[in-house]
Structure formats: C-alpha cells, structure tokens
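# pasting the sequence and the predicted model now:
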Amino acid sequence: QVQLVESGGGLVQAGGSLRLSCEASGRTFSMYAMAWFRQAPGKEREFVATISRGGNPTYYADSAKGRFTISRDNAKNTVYLQMNSLKPDDTAVYYCAAREGVYRTTAPEYSSWGQGTQVTVAS
C-alpha cells in the first residue's frame, strides 16, 4: 500500500482559501486514483473530490463544485485540494485516500488513507 501524509489545514475566515496537499510514498503514485474526503464532528465521512491516475477526469461532490479544485503532480507524488470561498460548513478533518485503478466516490473502495488535516472555517 501507499503511505499518505496530508498538510495545509488550518483556521481561515469564511470566504477565504486554503490549499491542502497530500504526499504519497511507498508505491508508484501514478498507479493510484486519489480522492479527498472529509468528516465533521458527529457526521459520517463524506466524499469531496477525486482524480484519475493521469489527472483527468476529475469528479466533485455537489458541495465542492465551483469552489474546490483537485489536482495532482505525479512527478512530486502529491495530490492537492484548492479550496476557495470557504464556508463554516466546510469545517472538518480532511482525509486523502488512494486506490489502485479507476477512481471511485465511496470511502470503502479506498485502501490507503492519511491521518487527516483539520480545516476550520470561522464565520
């Protein structure tokens, strides 16, 4: 399996932006579709965005469309989540996930997970 480490979380005011990064190690990064999920207190983990092995196509949850952008740099073994126009409802722990093969949008289909990075959006 691939090992994943997220970074870039923090506290931001509503309307602000953050860029999350997830660096992978251990296996050939380009073999893996990547995704971001998030989990707010008391809620289930939910899908945010996913990206195919080559970087295209991508797919977003409705809550992320038009505000978030997922991208990857296979030369750097890193996937990113650019988050703009952040809202208090975006407050959650954000997790990076990887699976071999094609992308999916449900958490059980991902075999490797990072430890998460906290994003807090103040109103």
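Sure, I can see it.

# out of everything not next to it in sequence, what's closest to the residue positioned nearest the centre of the chain?
Centrality entry for the chain: nearest residue to the mean C-alpha point is residue 36, 2.3 Å, by C-alpha atoms, centre = their mean. Once flanking residues are discounted, residue 36 sits nearest to residue 48: 4.3 Å by C-beta to C-beta, 6 or more residues apart in numbering. C-beta here means a position set from N, CA and C on the backbone, and glycine is covered the same way.

# quick one: contacts for residue 103?
33, 34, 35, 50, 51, 52, 57, 59 (C-beta atoms under 8 Å, 6 or more residues apart in numbering).

# go with 10 Å
32-35, 49-53, 57-59, 70, 109-110 (C-beta atoms under 10 Å, 6 or more residues apart in numbering).

# same deal with residue 14?
Contacts of residue 14 (C-beta under 10 Å, 6+ apart): 85, 86, 87, 88, 89, 90, 121, 122, 123.

# could you check how far the third one is from residue 120?
In this structure, residue 87 lies at 12 Å from residue 120, with C-beta to C-beta, to the nearest Å as the measure.

# and if you look at the first one?
Residue 85 sits 16 Å away from residue 120, going by C-beta to C-beta.

# for those two, indicate the residue with more neighbours.
Using other C-beta atoms under 10 Å, the more surrounded residue of residue 85 and residue 120 is residue 120, with 15 against 12.

# contact partners for the residue nearest to residue 36?
Residue 48 touches 20, 35-38, 60-61, 63-64, 68, 70, 81, 83, 90, 92, 94-95, 105, counting by C-beta under 10 Å, 6+ apart.

# what's the answer for residue 32, then?
Here residue 32 is in contact with 1-2, 4, 24, 51-53, 72, 74, 77, 79, 97-101, 103, 110-112 (criterion: C-beta under 10 Å, 6+ apart).

# re the thing from before, and the contacts of residue 14 as a markdown table, adding pLDDT?
Output for the contacts of residue 14, formatted as a markdown table (pLDDT from 0 to 100):
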| residue | pLDDT |
| --- | --- |
| 85 | 98 |
| 86 | 98 |
| 87 | 98 |
| 88 | 97 |
| 89 | 96 |
| 90 | 98 |
| 121 | 98 |
| 122 | 98 |
| 123 | 94 |
